[in-house]
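Enquirer: Would you be able to build a 3D model of this:
(2 chains)
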There are 2 protein chains.
Amino acid sequence: MAPTPTPNQHDASVAASPASGRHRVAIVGGGFGGLETVYRLGDADVDITVIDRRNHHLFQPLLYQVATASLATSEIAWPIRYLLRGRRNARTLFATMTGIDTAARRVLLDDDDTVPYDTLVIATGARHAYFGHDEWESVAPGLKTLEDATTIRRHILVAFERAERETDPGQQAALLTFVVIGAGPTGVELAGTIAELARDTLAPDFRNIDTQTARVLLIEAGPRVLAGFSEDLSAYAQRSLEKLGVEVALGQPVTECSRDGVVYGGKRVATRTVIWAAGVRASPAAEWLDAPADRAGRLMVEPDLSVPGHPKIFAIGDTVTIAGPDGKPVPGIAPAAKQQGAYVADLIRRRLQGRPAPPPFRYRHAGSLAQIGKRLAVIEFGRFKLRGALAWWLWGIAHIYFLIGMRNRLSVALNWLWIHTRDQRSARLITQGSSKVTSR
Amino acid sequence: MAPTPTPNQHDASVAASPASGRHRVAIVGGGFGGLETVYRLGDADVDITVIDRRNHHLFQPLLYQVATASLATSEIAWPIRYLLRGRRNARTLFATMTGIDTAARRVLLDDDDTVPYDTLVIATGARHAYFGHDEWESVAPGLKTLEDATTIRRHILVAFERAERETDPGQQAALLTFVVIGAGPTGVELAGTIAELARDTLAPDFRNIDTQTARVLLIEAGPRVLAGFSEDLSAYAQRSLEKLGVEVALGQPVTECSRDGVVYGGKRVATRTVIWAAGVRASPAAEWLDAPADRAGRLMVEPDLSVPGHPKIFAIGDTVTIAGPDGKPVPGIAPAAKQQGAYVADLIRRRLQGRPAPPPFRYRHAGSLAQIGKRLAVIEFGRFKLRGALAWWLWGIAHIYFLIGMRNRLSVALNWLWIHTRDQRSARLITQGSSKVTSR
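Expert: Residues are numbered from 1 along each chain as shown, chains lettered A, B, ... in the order given. As a prediction, the model looks like this:
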């Protein structure tokens, strides 16, 4: 998999970094895992290069709130180079990785640039996946990036606008039907918030339609919502969603997905808005390295998170699969990526200091949280379970705590206060197009 | 100019509005003029339809702050139907106007919809204009919409990112050269803020480039900056810009504008980022009505703001031209549009009540304000002039005051506090594309 460098490749980092002779750590991906690696390397005597094709780190746990017009993009995203401004041993490259030359130990970038490394950390995440139905992507956008979120926001808001102008009752009903596929935390949070948007936020603003009649349908192939939680919390989440007006369809995989609607469990529903929250596929890290992967493309790593056959290449976060202490795969959530980043940073420091390698990576599950609408949540920390309004407060405090920067914390808290007290959502903007843009 | 309706046109408002027999007022455009007309019509016994191809009203005076990463889009924009939610005599249509059938008194929309009217108010604004050089638009984006602002933001931020990766000194210098064409308030505000972005906000974040060496060039064909202000304030503004590091080139029209650079006053400057703030062209209102217009396409209206030959059609705001009390044209600013909207609303109410028509519209110039960087401003209210830090405070208070909604006021104030105390700008996001997107 190591492409031969072409003659016109020039080495960006020769000009870029001082000829320090220091150990060079390249980190691809500025998500939770990649940044944690930089942070935990601290002031180690290394030259760190963080490469990301986006200029921003994204607080993905709240991305659904951008998609549902509750938060602004800048409230949950920060320029990576701003987050690393104080780290004098780190530099940030806004670049797209195209491959890895493992023989020459160089990351290949677009524009024929390369970044040499002594240690490489791959933290390139995952995209949503359509299980062999890639043609569904244009119909059912998923939620991974800021653009995904503003696209979904536009779909939802345009559907209400078009329903307001529609005179055919069948078309109007299809426009007012919102389908979320996949009932993990993201699907549950999207469905609950869309239901509230229709019931509370938008209701006073429309004249021809009653937005409260909007149908929100949450479709799940498995037997329950929030399968990662215990069964009683799943049942509670389902009841709470239904109270918000969400229809929950369980054990009914989607078999068709088109511009006219969705077929699930043999039933057809006409809709103009489908959101995909059903599955992810890892970044092509396994392909770049010709390394073994699971069905979702996740790289299978060694117990020390190195790539088999490449002891100086590590992979962390959503792009890998590794078993947790319970034998089940470590979940694709921010705390897991951060633990892996911390582990790899520790391992690199030990190697540089000639100390023994750490024991194999061991995942510690801190807990699971999911919001259900704007006033309820479910929380599970080992045997500690909590649900309802108090759980929502803990959910809110935890998320505000993990946001970066005091300004964002104040700003998000202010937005949530407005949503709670006035049902107003500040980011109800249809951008990237005028009314001629359809909801697809 | 009245197109014959085609047979498949259906009348959206027949289904939409009650067969009330009330006087129907159609307002095209939800900017400052259009909304003021609705507000001033108050609870008058009319059926108001507001048509806009965007779903949001935009606070254009602060749009340059979105373009320079200082504010989020949702801080200066609100859904029009949210602003009109309490007005039971008004409904909002998210639709694009395609023409006017003056014979049948109907506004023609996309999708072959029509909206009948008894009185029509055209408040469709203006776009930037390139004075016969439409090919410059792709090179030098202007600033009128939220998308324009995020496009310019992306250009500016991507230029710094590419400069960081660039090894050729000439290319790097071109990437670090920012040209603003037109030194009215928008041009002055953009140039000053870009200079501060380079000098203060970005400087600690880059490793290979010194962002403080960035060149910001403000090019003006006329003899001074802020030509709408008195000469001493213009001179002060120019000195202040120069202190911020902006190069001001006066009396030098731009004669060429390409992907490689700009030619002005016979000089060529290599740049990758050009922003157009030099002129506007009115919406095609004059063409829709086959009415007389000035060179910038602005409809020439009667002293009561009606369109010549159409006493029931009014046009207000940036899409019209009318002389002010000093004989000069009324400026294209928000207070002028609002005064015209208020005038038309009063005229409609009088007509409905059988009262005499009001005296001809008379513009009262409230004052001119412009920000120069983050701590200075110039203000001119008739003979009252103010400049410097105190003027900036008045500028800030006035703009916060005119923002809609307490949440936005708090949120914008919070952002400005952060910019002032920490030089942090919250919205430094490159969206709509990864690093493979070039700055063009």
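Enquirer: does chain B sit close to stretch A:59-68?
Expert: No. Using C-beta under 8 Å from any C-beta of the partner chain, we find that stretch A:59-68 stays clear of chain B, coming within 9.8 Å at best. Placement of C-beta: from N, CA and C, glycine included.
Enquirer: chain center to that stretch, what's the gap?
Expert: With C-alpha atoms, centre = their mean, to the nearest Å as the basis, stretch A:59-68 stands 9 Å off its chain's centre.
Enquirer: tell me how far the ends of that stretch are from each other?
Expert: 15 Å (C-alpha to C-alpha, to the nearest Å).
Enquirer: what is the rounded mean pLDDT of it?
Expert: When pLDDT is averaged along stretch A:59-68, the result is 96.
Enquirer: what's in contact with it?
Expert: A:31-32, A:71-73, A:75-77, A:143-144, A:146, A:148-150, A:152-153, A:156, A:186, A:189-190, A:193-194, A:197, A:275, A:334, A:399, A:402-404, A:412, A:425, A:427 (C-beta atoms under 8 Å, 6 or more residues apart in numbering or on different chains).
Enquirer: out of these, which are buried?
Expert: A:31-32, A:71-73, A:75-77, A:143-144, A:146, A:148-150, A:152-153, A:156, A:186, A:189-190, A:193-194, A:197, A:275, A:334, A:399, A:403, A:412, A:425, A:427 (16 or more other C-beta atoms under 10 Å in any protein chain shown).
Enquirer: Just the ones in strands from the residues you listed, please.
Expert: A:77, A:275 (DSSP state E).
Enquirer: what's the burial count for A:Arg259?
Expert: 12 (other C-beta atoms under 10 Å in any protein chain shown).
Enquirer: does it really touch A:Ala140, like I thought?
Expert: No. The criterion here is C-beta atoms under 8 Å, and A:Arg259 misses it with A:Ala140 at 10.4 Å.
Enquirer: which bits of the stretch 201-350 of chain A sit near chain B?
Expert: Checking the stretch 201-350 of chain A against chain B by C-beta under 8 Å from any C-beta, the hits are A:204-208.
Enquirer: Neighbour count and secondary structure added to those, as TSV?
Expert: Putting these into TSV (neighbours: other C-beta atoms under 10 Å in any protein chain shown; DSSP: H, G, I helix; E, B strand; the rest coil) gives the following:
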residue	neighbour count	secondary structure
A:Pro204	12	helix
A:Asp205	20	helix
A:Phe206	19	coil
A:Arg207	18	coil
A:Asn208	17	coil
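Enquirer: now the residues you listed as JSON lines including pLDDT and distance to B:Leu93?
Expert: Shown next, in JSON lines, are these (pLDDT from 0 to 100; distance: C-beta to C-beta, whole Å):
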{"residue": "A:Pro204", "pLDDT": "93", "distance to B:Leu93": "17"}
{"residue": "A:Asp205", "pLDDT": "95", "distance to B:Leu93": "13"}
{"residue": "A:Phe206", "pLDDT": "96", "distance to B:Leu93": "11"}
{"residue": "A:Arg207", "pLDDT": "94", "distance to B:Leu93": "10"}
{"residue": "A:Asn208", "pLDDT": "94", "distance to B:Leu93": "10"}
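Enquirer: Who are the contact partners of the residue lying closest to A:Ala398 once chain neighbours are set aside?
Expert: Excluding the flanking residues, the one nearest A:Ala398 by C-beta to C-beta, 6 or more residues apart in numbering or on different chains is A:Leu369, at 6.5 Å. Residues counted as contacts of A:Leu369 (C-beta under 8 Å, 6+ apart) are A:185, A:377-380, A:391, A:394-395, A:398.
Enquirer: before we move on, what about A:Gly125?
Expert: Contacts of A:Gly125 by C-beta under 8 Å, 6+ apart are A:29, A:31, A:144, A:282-283, A:317-319.
Enquirer: tell me the mean pLDDT for stretch A:395-402?
Expert: Mean predicted confidence for stretch A:395-402 is 93.
Enquirer: Nearest to A:Leu386, out of the residues of the stretch 201-350 of chain A next to chain B: which one, please.
Expert: Nearest to A:Leu386, judged by C-beta to C-beta, of these is A:Pro204 at 33.4 Å.
Enquirer: What's the separation between that closest one and A:Gln212?
Expert: 10 Å (C-beta to C-beta, to the nearest Å).
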